[in-house]
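[1] structure for the following, please:
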Amino acid sequence: MKYIRQFGIILAFIFAGEGLRALLPFPVPASIYGLALLFLGLFSGLIRLDWVEEAADWLVAIMPITFVPASVALIDDWVILKPFLWPLLLICTVSTVVIFGASGLATQALIRLGKKKPDEEKGEAPHA
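    All right, here's what the predicted structure looks like:
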């Protein structure tokens with residue numbers, strides 16, 4: 001019964017995302033609206049993590065299986081994709097490198113901010 005309740009809560013947010021997609025004129029997928037609503041619910045405390053945690057863990061565990069149909073569809077459309085193979089590979093490679101670099105720089109900046117000296121945290125000037 002616990003899992004049914006957890007899946008029900010997640011489904012409620014998915015359906016709320018579908019409703020927002022129908023109401024709002026923005027080109028945002030309903031799943032993104034649903035995820036944002038669930039995040040806001042968790043962040044605000046309206047939804048407790050233990051109300052959805054086990055069902056969400058299971059959904060994340062089976063996520064690779066959900067990519068199989070999309071992969072098969074790509075294989076079926078190989079004739080259409082073949083002329084664009086090299087540009088697609090180049091775009092994927094460049095964007096991956098850019099994302100790695102941006103993530104690394106952001107992580108380094110956050111680590112540096114977290115390593116403030118005790119004097120700086122107290123508001124005192126650092127000693128030279």
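[2] how many neighbours does the spatially closest residue to residue 29 that is not a sequence neighbour have?
    Spatial nearest neighbour of residue 29, chain neighbours left out: residue 21 (7.0 Å); criterion: CB to CB, 6 or more residues apart in numbering. Bear in mind the C-beta positions are built from the backbone N, C-alpha and C, glycine included. Residues within reach of residue 21, counting by other CB atoms under 10 Å, total 18.
[3] same check, this time on the one 5 residues further on
    For residue 26, the number of neighbouring residues by other CB under 10 Å comes to 9.
[4] before we move on, what about residue 47?
    The number of residues packed near residue 47 is 19, by other CB under 10 Å.
[5] does it sit in a helix, a strand or a coil?
    When classified by DSSP: H, G, I helix; E, B strand; the rest coil, residue 47 comes out as coil.
[6] just checking, it touches residue 37?
    No - look at residue 47 against residue 37 with CB atoms under 8 Å: they stay out of range, at 9.6 Å.
[7] may I see the buried residues of the helix or strand containing residue 22?
    Assigned by DSSP states H and E, residue 22 falls within helix 2-23. Neighbour counts over helix 2-23 (16 or more other CB atoms under 10 Å) mark 6, 7, 9, 10, 13, 14, 16, 17, 20, 21 as buried.
[8] packing partners of it?
    Packing partners of helix 2-23 (3 or more CB pairs under 8 Å, 6 or more residues apart in numbering; DSSP states H and E): helix 30-44, helix 53-61.
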